[in-house]
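In: Predicted model, plus sequence, below.
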Amino acid sequence: MIKYFQPWCAHSICVGPIWDALAEAVNPDGDSSSVFIYDVSCADYEDICKEAGILAYSTIRYYIKGTEHDCSGGLSFETLKEFVKDNFKTKCDIHNIDGTCQEKAKRYAI
């Protein structure tokens, strides 16, 4: 999941701590989470935001098998955490790599 933001935007400022808490909750101990939580400052990476077609801040997008999706649900911590859990969070079990790990994770687990 990627949050595109502007540091001057009041909405982005409000969502920032929630997004940081989500990143910590999804991967608290550096475990083998299959979900990555990132943010992109459109002030620092204007070219990336332009290429992604970002027109409003904060915009949250997620990618599943290379397909881009807009996250249009609520932006509370609980709502985002449930969204991750319900839609794509899986654990990569080192003892069952083929059954639980995505291809990207398998490369790091071997």
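Out: Perfect, I can see it now.
In: Surely residue 40 and residue 7 touch.
Out: No. Counting by CB atoms under 8 Å, residue 40 stays clear of residue 7, with 11.5 Å between them. (C-beta placed from N, C-alpha, C; glycine too.)
In: So what's the residue count around the closest residue to residue 37 other than its chain neighbours?
Out: With sequence-adjacent residues excluded and distances taken as CB to CB, 6 or more residues apart in numbering, residue 37 is closest to residue 23, at 3.9 Å. Burial measure for residue 23: 18 neighbouring residues, criterion other CB atoms under 10 Å.
In: now residue 23, what's its secondary structure?
Out: Look at residue 23: counting by DSSP: H, G, I helix; E, B strand; the rest coil, its state is helix.
In: For residue 68, see how far away it is.
Out: From residue 23 across to residue 68, the span is 20 Å (CB to CB, to the nearest Å).
In: Then residue 9?
Out: Residue 9 sits at a distance of 22 Å from residue 68 (criterion: CB to CB).
In: where do the helices sit along this structure?
Out: 10-26, 46-52, 77-87, 97-100, 103-109 (DSSP state H).
In: Distance to residue 59 and mean pLDDT added to the ones you listed, as a markdown table?
Out: Listed next are the helices of the chain as a markdown table, based on distance: least, CB to CB, whole Å; pLDDT from 0 to 100:
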| stretch | distance to residue 59 | mean pLDDT |
| --- | --- | --- |
| helix 10-26 | 10 | 92 |
| helix 46-52 | 8 | 95 |
| helix 77-87 | 14 | 88 |
| helix 97-100 | 31 | 74 |
| helix 103-109 | 24 | 70 |
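In: Now distance to residue 34 too, for these, in CSV please.
Out: Converted to CSV, the helices of the chain look like this (distance: least, CB to CB, whole Å):
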stretch, distance to residue 34
helix 10-26, 10
helix 46-52, 22
helix 77-87, 10
helix 97-100, 9
helix 103-109, 6
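In: if I pick residue 63, what's in contact with it?
Out: Taking CB atoms under 8 Å, 6 or more residues apart in numbering, we find residue 63 in contact with 2, 69.
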